[in-house]
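Undergrad: quick one: sequence and predicted model below, then my questions.
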Number of protein chains: 4
Amino acid sequence: MIIKLRSNAEQAQVEQLINWLEGQGIQLYFSEGDTYSIIGLVGDTSRVDIELIEALEIVESVTRIQEPFKNANRKFHPDDTVIHVGDATIGGGTLTLIAGPCSVENEAQITEVAQRVKAAGATILRGGAFKPRTSPYSFQGMGAEGIDLLLKAKAATGLPIISEVMDISQLPLFADVDILQIGARNMQNFNLLKEVGKMDKPVLLKRGLCATYEEWLMSAEYIMAGGNKNVILCERGIRTFETKTRNTLDISAVPMLRELTHLPIVIDPSHAAGIRRMVRPLSMAAVAAGADGLMIEVHNDPERAKCDGPQCLRPDTFDEVAADALKLHDFCKKELHQ
Amino acid sequence: MIIKLRSNAEQAQVEQLINWLEGQGIQLYFSEGDTYSIIGLVGDTSRVDIELIEALEIVESVTRIQEPFKNANRKFHPDDTVIHVGDATIGGGTLTLIAGPCSVENEAQITEVAQRVKAAGATILRGGAFKPRTSPYSFQGMGAEGIDLLLKAKAATGLPIISEVMDISQLPLFADVDILQIGARNMQNFNLLKEVGKMDKPVLLKRGLCATYEEWLMSAEYIMAGGNKNVILCERGIRTFETKTRNTLDISAVPMLRELTHLPIVIDPSHAAGIRRMVRPLSMAAVAAGADGLMIEVHNDPERAKCDGPQCLRPDTFDEVAADALKLHDFCKKELHQ
Amino acid sequence: MIIKLRSNAEQAQVEQLINWLEGQGIQLYFSEGDTYSIIGLVGDTSRVDIELIEALEIVESVTRIQEPFKNANRKFHPDDTVIHVGDATIGGGTLTLIAGPCSVENEAQITEVAQRVKAAGATILRGGAFKPRTSPYSFQGMGAEGIDLLLKAKAATGLPIISEVMDISQLPLFADVDILQIGARNMQNFNLLKEVGKMDKPVLLKRGLCATYEEWLMSAEYIMAGGNKNVILCERGIRTFETKTRNTLDISAVPMLRELTHLPIVIDPSHAAGIRRMVRPLSMAAVAAGADGLMIEVHNDPERAKCDGPQCLRPDTFDEVAADALKLHDFCKKELHQ
Amino acid sequence: MIIKLRSNAEQAQVEQLINWLEGQGIQLYFSEGDTYSIIGLVGDTSRVDIELIEALEIVESVTRIQEPFKNANRKFHPDDTVIHVGDATIGGGTLTLIAGPCSVENEAQITEVAQRVKAAGATILRGGAFKPRTSPYSFQGMGAEGIDLLLKAKAATGLPIISEVMDISQLPLFADVDILQIGARNMQNFNLLKEVGKMDKPVLLKRGLCATYEEWLMSAEYIMAGGNKNVILCERGIRTFETKTRNTLDISAVPMLRELTHLPIVIDPSHAAGIRRMVRPLSMAAVAAGADGLMIEVHNDPERAKCDGPQCLRPDTFDEVAADALKLHDFCKKELHQ
């Protein structure tokens, strides 16, 4: 951490700051220039509250040199985190396919889709019971009943299931759900993050619409600081000025997060574009960029889907996309330089 | 709502769509061009789920002409909403000053600040007990104890109080808090919005960092649809590419929201810039633009504040800013064209 | 185009508007609702100035349904544009590799790099003579001498060359340059666009940092409206809130532009990330998403490059990336569903 | 400038870097930590090319502590720049009103508007002859003839004039134009900036749609580095996700630029919102925030304006806005704390 002092900083106040920092066991170094002076902090500064220092009148600016996340940081945990749920594995060189409808609608629908995506190569079933919708007048999901139907589809196919939890009060309903999903709009719902941090269930944490990698990893850090180390990061498109696509897939997240963190990285091409016919090219791009998995919306009858119909694949199309993704992943591993 | 059909749309499917729409009691009109055809929907379309239509293969795009919010819409409620809490009034031509520390730290602090801001002209006391922080390692607020201290300051000064609620489970603690604040990161925490929508306490809803006016008003609509019509909108800066300020105050929100909605609009210049010495000019800009109120962070000892120190005003400075804001508001009302 | 009238619009003025539109040979249709009325325009509205209509007091809003670009629009030109320069082909199913240093520095450098990238499979040589730099104190390129050296490298290798033109006054120097590059910061330098529109040389048009697809295609339209139909679109990363990468590669541009336009689409992974070790994964993603080409910065000694050193590949690394890109392109065409 | 070295940096290469930096006369300081080491640069680093250092394999990141602009920096030029053109003054505590139509259309129009805005208190006349338009099919301005008409209006009223120059080749036509305007889309047209930097005419430099303050000031630096110190900064709205307004006025630019630079700051509320009825509140906000001037579009017949009609004020409305702005400026100076 680098503290730039104002040129007119009073010496007495500067000494007070130095004493306070040294009192916290932090090593310092100093540099005085013509137009400004600097205090550098050495060692672990992840617990130093940057705002407390910025608040001082003698300080012009504070720059962090070290990342503020520790548990999620690859520097301190060089090995990839690999997560196992049922027969599925996420991370560590495999390509995991997660698929299913946006929302659970009835038993026939979820079971049929589960069987189809399993046959196509998916190893985890997704399905929403609680749906975050911009409008209070839109379909809000089946709730507890949706979870029940998802569990029936799990029983019928053996696939582990993932579903979105929107509020702490819903957690008891998720006892038999294999992976908890935290949605983009809840990425900084810190109370929810703390609560799932106390559990030992894997958590798939979606990136917020305007979140930076660092903010996203700090949200992962909230979960991990509570003891739960099984976090999966899911890039689902960020907001940009482009309106032809619902969001903009940030494909660079794959290689960049690979350096910053040891956590697995999954791409959601369905929400990223919001357009059915873009799921295929974005999936291929994600695999070629090195993603650990894909999460794809599949519906047996997209034109009658209660939500996200425009981005759902039909099972037939998913068959092709899944087969291509797995073939491409194999080709990249075997035939290309890494 | 305007539905643009694909040029190769099958007639049978188009008729199916028409029947389905007419079945919902919606009036339609048609236009056929050389390169595309259009179906227009007349009347109240706020409950038509745009995604259901976009999902159809025969549809190229759907454009909403009418705003999707009703309760918050000035078109249907031309008169300003005016909210009364204790002796304070928000909306309807007055300028309301809300002030206090970012977080409650101890009884002496909150009481002293309360007395100072009251003397300066503030009519509502703010103070955080539960603090949303990006890092799990930063101070998270005093919690229940903070609410207790806030209530003591209320008892000592007679000022109604506002504090942020972060999760449904905290609501019982807020029984005697006068105004509930929903923070920027919770603007789309739909479960929390629904829950406060069932209460009759005023809610100050902060705009999300990247939210559009429409998304913000849809969140207000969530609260209002539940029956609670006492919503106050608070602009606190949006995220832009500029990094010299913490956020960018969107001053245009004041006149634009005035047209779109009847709800009062408050500006938070402290969070907008994140810099103490910018609170004054941004406050004056907000008053001149016609804001209904200002929410300003004041701390008796900003350099030792446990959070947001860089943006807190000292009580002496707040005296000046408050006096100037009230004088300016008076001048604008009496001397300028409206 | 859909015109939404204000609810209090005077009938006389509405009729004036109708007469004026019909006078331009535009067919109209009407819809009257309880809260608003609509006038729809049928046929080619690409030459109707939307602002002239928005300016009217009786108009609440105007929505364009049809794309405002014609020459670049796939609807009117269903076949892919394929561009030939020397032995190179851009578009139509091939993968074209464009490579070379950010800036030309001396004859040995540009010739050595040219030979290396040719050997690796590149068919077009890039090299900057005029460099747009944020700071007036940074290296601004060799200018005319740089073009001369580039021509020597062309003579030595037979590779056609591409270089950036920043101003109309430089155009005479580009007589023997095969492809003109318009940089991101000049995407809306309309005078320059008009001038290259009068030439018959291919133009590679980079996307502006914050430009939408539509704005980008309108800039292509400027060139094409002048008669020059040989436009290549180059996505080079857009500005987002993420700071770990210089820009954010918008990989969705590939499939989305494929629908909107018939022009070839090239990806520049070097500028997109600004980081050498991200060029490989982003290149593979671009190929898998269906890009027509890659433009990659290669330098024989990146640590001494006069600009963009952090993102230049060494020739050895480019050998691998080029080989992998070509193999992957081949695999995707032959083995995957399209 | 702070250089963070990679943990595995080879000592020989680090020493090479140190020698190279010291060879440029830069003083260094060092700090070694457990997980990373740092080299700090002291003194004037505005001419050090940050990319040359970032390109080194041993370097993890480089952070600039000092601003990269010098001529525009208030630290080195504490006194406000005050610019005089004709009888008008810009900067130094006055409020300057610049007004006129978006584009010059004919002699009667520009002369009538000039007389009206002069009577209302404007001291500079604006009018566009060359118009940057997104579409090649929109009105592109009258060109040379427009400049002639502007000069006639200047002769008739005595008002100095400002007009936008889009390309170097147009500069000879601007010999008698008092202030050159560089538009938002040309903020980084570096050749044009260099060329106007050689002249001694004041230049009004508009902020780019997505530019940061630093990039904007670096563009001012381009002009000033050439010798022309008469630069006026004009904030005209930035691009955000909000679509109800054309752009978003960044009102914080006024107080923040006041700290960073000594150059005068003018607000353009017409382009910022793109909506006529928002010009008044945004103008008042700008004055209250401390702007040096307002640039407002006024047209005698906005409904027939050839461009930007939706945002033009009628002369009658401008009378009120101008009177209010001047009264408010006076009130703020005399009655409020500064």
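TA: Right, received. Where do you want to start? Numbering: from 1, shown residues only, chains lettered A, B, ... in the order given.
Undergrad: CA atoms for contacts and neighbours, from now on please.
TA: OK.
Undergrad: nearest residue to the residue in the stretch 201-338 of chain A that chain B sits nearest to other than its sequence neighbours?
TA: Residue nearest to chain B within the stretch 201-338 of chain A (Cα to the nearest Cα): A:P310, separated by 3.8 Å. Once flanking residues are discounted, A:P310 sits nearest to B:A55: 3.8 Å by Cα to Cα, 6 or more residues apart in numbering or on different chains.
Undergrad: how many residues are close by the one you found?
TA: 24 (other Cα atoms under 10 Å in any protein chain shown).
Undergrad: residues in chain A within reach of chain D, list them.
TA: Residues of chain A lying near chain D by Cα under 8 Å from any Cα of the partner chain: A:4, A:29, A:31-35, A:42-43, A:65, A:240-241.
Undergrad: related to what we said a few turns ago, wait, a helix at the residue of the stretch 201-338 of chain A closest to chain B?
TA: Yes: counting by DSSP: H, G, I helix; E, B strand; the rest coil, A:P310 is part of a helix.
Undergrad: any chance you could map the strands in the stretch 101-250 of chain A?
TA: With DSSP state E, counting those that start in this stretch, the ranges of strands along the stretch 101-250 of chain A come out as A:124-126, A:161-164, A:179-182, A:203-206, A:231-235.
Undergrad: buried deepest among the ones you listed, which one?
TA: strand A:124-126 (a mean of 28; mean count of other Cα atoms under 10 Å in any protein chain shown).
Undergrad: partners of that one in the sheet?
TA: strand A:96-100 (parallel), strand A:161-164 (parallel) (DSSP bridges).
Undergrad: let's have the ones you listed in a markdown table, adding distance to D:S169.
TA: Shown next, in a markdown table, are these (distance: least, Cα to Cα, whole Å):
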| stretch | distance to D:S169 |
| --- | --- |
| strand A:96-100 | 58 |
| strand A:161-164 | 60 |
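Undergrad: using JSON lines, please lay out these together with mean pLDDT and distance to B:D301.
TA: Output for those, formatted as JSON lines (pLDDT from 0 to 100; distance: least, Cα to Cα, whole Å):
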{"stretch": "strand A:96-100", "mean pLDDT": "98", "distance to B:D301": "52"}
{"stretch": "strand A:161-164", "mean pLDDT": "98", "distance to B:D301": "43"}
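Undergrad: so which of those strands is nearest D:D87?
TA: Smallest distance to D:D87 across these (Cα to Cα): 66.4 Å, for strand A:161-164.
Undergrad: identify all contacting residues around the closest one.
TA: Residues outside strand A:161-164 that contact it (Cα atoms under 8 Å, 6 or more residues apart in numbering or on different chains): A:124-131, A:150-151, A:154, A:177-183.
Undergrad: let's see that with 6 Å instead.
TA: Identification of contacts with strand A:161-164 by Cα atoms under 6 Å, 6 or more residues apart in numbering or on different chains yields A:124-128, A:177-182.
Undergrad: next one: stretch A:202-213
TA: A:179-185, A:187, A:230-235, A:238-239, C:242.
Undergrad: if we can go back for a sec, state the distance from the residue nearest to A:P310 to C:M256.
TA: Taking Cα to Cα, to the nearest Å as the measure, B:A55 falls 17 Å from C:M256.
Undergrad: helix C:315-335 and the helix or strand where A:K333 lies, what's the angle between them?
TA: For A:K333, the element it lies in under DSSP states H and E is helix A:315-335. Angle of helix A:315-335 versus helix C:315-335, following axes from the mean of the first three to the mean of the last three Cα atoms, to 10 degrees, is 150 degrees.
Undergrad: tell me the mean pLDDT over helix A:315-335?
TA: Helix A:315-335 shows a mean pLDDT of 98.
Undergrad: cool, stretch A:111-121 as well?
TA: On average, the pLDDT along stretch A:111-121 is 98.
Undergrad: so how far is that stretch off the chain centroid?
TA: On the basis of Cα atoms, centre = their mean, to the nearest Å, stretch A:111-121 sits 25 Å off its chain's mean C-alpha point.
Undergrad: mind checking the SS state of the residue of chain A found nearest chain C?
TA: Using Cα to the nearest Cα, A:A285 is the residue of chain A that sits closest to chain C, at 4.0 Å. Secondary structure for A:A285, judged by three-state DSSP, is helix.
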